[in-house]
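# Got a predicted model here, sequence first, then my questions.
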Amino acid sequence: MMRLTTHIERLLLTNDCVIVPGFGGFVSRTIPEAKEEEAHRFRPVRKEIVFNGTLRHTDGLLPESYMRMYGVDYQEARLMMDEDIESLRATLEREKRITLGRIGAFSVGEEGQVIFSPGDSVVLNADSYGLATFHFPALHPLSEEETPDTGVQITGKRARKDVFYIPISRKWARVIAASAAVVALFLLTSTPIRDVNPSAYTASFIPTEMIHSRFEAPLPPTVETPAPPTATPNGTDAAKPAKKEETAETASSAPAPKRENKPTARRVASQPKMYHIVIASFPSEEQANEYVAGVDPSVREQAGIVARDGKYRVYARKFDNRTDAENYMATLRNVAKYKDAWLFISR
């Protein structure tokens, strides 16, 4: 029985519901924070474990936990789990009361009904760790009396003898507050600043020489050699065509602007829901394939494996309609081998 309790406590840390086949289900319910004004009490958000006796079908969590911890296959893990559940029932019928660690306790009432009392759920309250119930009592109104010597109002029935009271005029208090406001306003007022060159006070990870060298091609050094003057029929110099060629080379060396390709949005079509009738669940694909090989031929024709969240679930058949899936699951549960079949929804 202690082995079963350990598995339930571990599964409740990561799951909101853990079902013990043939016995009932443990549900972790979140209770929001509350403020009790009359009692002056504040309660943080917390989790509470409740028991539902109508949840008797298996969800595959307990057998899978047995398989991971003891390294056995599904059939052997199911036998170990059934043995622990039978021991739990026998102990409850014999002693009329059992305790399942920090989960809670079960007792049998006068009419034979099973009563569950939740235990300490501090382990489940990881999100509100360190936040306890806080009680803040209300302050009672105190009478005020004025002392005859100094004229200072003292709160309480009597003036304390170990306290020295200094009288302060309200007029001087206003003057001091106004002076402090003027000083604060003077300090907060900004003085005019001359215009400065921002580039002279900014730093860059890349030197500006590298940026200019990337976008501007270096020009080869030119050496001017005096050429003998040549006379033309019109009396003009022959150096003018050279200036035109130099202007053309400078214009051609200018980089052409780049065009940016804007990404286009794609529409993703939503996939329809699929309803799988799961008959077994395994932690590895090899175990799932081995189980499919031993399924009845009538079920094996449309059987398959769906992998999700590190689990490989073997389904007998899948549908795109929930009503058809539930009807087929009800028919399949009539077979003793598949009485624990359950519905799994995926996209």
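Sure, I can see it.

# for whichever helix or strand Asp324 is part of, what is the average pLDDT?
Assigned by DSSP states H and E, Asp324 belongs to helix 322-332. Averaged across helix 322-332, the pLDDT comes to 90.

# what about the nearest residue in space to Val50 that is not next to it in sequence, how many neighbours?
Leaving aside its chain neighbours, Val50 sits nearest to Val27 (5.1 Å; criterion: Cβ to Cβ, 6 or more residues apart in numbering). Backbone N, C-alpha and C define where each C-beta goes, glycine included. Counted with other Cβ atoms under 10 Å, the neighbours of Val27 add up to 17.

# I'd like to know how far the nearest residue to Arg56 once chain neighbours are set aside sits from Asn334.
Computed as Cβ to Cβ, 6+ apart, the closest residue to Arg56 that is not its neighbour in sequence is Gly22, at 5.5 Å. Separation of Gly22 from Asn334 (Cβ to Cβ, to the nearest Å): 18 Å.

# so where's this structure uncertain?
In the predicted model, the chain carries pLDDT under 70 at residues 122-123, 126-127, 130, 142-161, 165, 190-271.

# where along it do the helices fall?
Along the chain, the stretches classed as helices by DSSP state H are 2-12, 61-70, 74-95, 170-188, 208-215, 240-252, 285-293, 297-300, 322-332.

# Burial check on Arg308, number of neighbours?
Arg308: 10 neighbours (other Cβ under 10 Å).

# Over to Leu61?
For Leu61, the neighbour count with other Cβ under 10 Å is 19.

# that older thread, name the residues of the helix holding Asp324 that come out as buried.
Under the neighbour-count criterion of 16 or more other Cβ atoms under 10 Å, helix 322-332 has Ala325, Tyr328, Met329, Leu332 buried.

# Adding distance to Ser65, write these out as a markdown table.
As requested, these are exported to a markdown table (distance: Cβ to Cβ, whole Å):
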| residue | distance to Ser65 |
| --- | --- |
| Ala325 | 27 |
| Tyr328 | 28 |
| Met329 | 24 |
| Leu332 | 25 |
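
# and of the residues you listed, the nearest to Arg78?
Proximity of the buried residues of helix 322-332 to Arg78 (Cβ to Cβ) peaks at Leu332, which lies at 17.8 Å.

# and that closest one, how far is that from Leu343?
Using Cβ to Cβ, Leu332 is found at 11 Å from Leu343.

# Find residues that contact each of those two.
Ile277 (Cβ atoms under 8 Å, 6 or more residues apart in numbering).

# picking up where we left off before, I'd say the residue nearest to Arg56 and Leu88 touch.
No. Distance between Gly22 and Leu88: 10.1 Å, which falls outside the contact criterion (Cβ atoms under 8 Å).

# biggest separation within the buried residues of helix 322-332, which pair?
Longest span within the buried residues of helix 322-332, Cβ to Cβ: Ala325 and Leu332, 10.4 Å.

# any residues in contact with both of the two?
Ile277.

# Identify the residues contacting Gly109.
Gly109 neighbours (Cβ under 8 Å, 6+ apart): Ile115.

# Next, the buried residues of stretch 299-319.
By 16+ other Cβ under 10 Å, the buried positions in stretch 299-319 come out as 299, 303, 305-306, 311-319.

# Nearest to Thr99 among these?
For these, the minimum distance to Thr99 (Cβ to Cβ) is 31.5 Å, reached by Lys311.

# and the closest residue to that closest one other than its chain neighbours, how many residues sit next to it?
For Lys311, ignoring the flanking residues on the chain, the nearest one in space by Cβ to Cβ, 6+ apart is Ser281 at 5.7 Å. When neighbours are counted by other Cβ under 10 Å, Ser281 registers 24.

# so what's Ser281 bridging to?
Taking DSSP bridges as the rule, Ser281 bridges to Arg313.

# Show the contacting residues for it.
Here Ser281 is in contact with Gly60, Pro63, Glu64, Tyr74, Lys311, Tyr312, Arg313, Val314 (Cβ under 8 Å, 6+ apart).

# any idea how far Glu93 is from the second one?
As judged by Cβ to Cβ, Pro63 and Glu93 stand 24 Å apart.

# now the fifth one
Here the distance between Lys311 and Glu93 works out to 35 Å (Cβ to Cβ).

# Any idea how many residues pack against the nearest residue to Val108 once chain neighbours are set aside?
Of all residues not flanking Val108 in the chain, Lys96 sits nearest, at 4.6 Å (Cβ to Cβ, 6+ apart). Close neighbours of Lys96, defined as other Cβ under 10 Å, add up to 11.

# any idea how far Gly53 is from Lys96?
On the measure of Cβ to Cβ, Lys96 and Gly53 end up 17 Å apart.

# List just the nearest of the buried residues of stretch 299-319 to Ala173.
Once Cβ to Cβ is applied, the member of the buried residues of stretch 299-319 that ends up nearest Ala173 is Lys311, at 72.2 Å.
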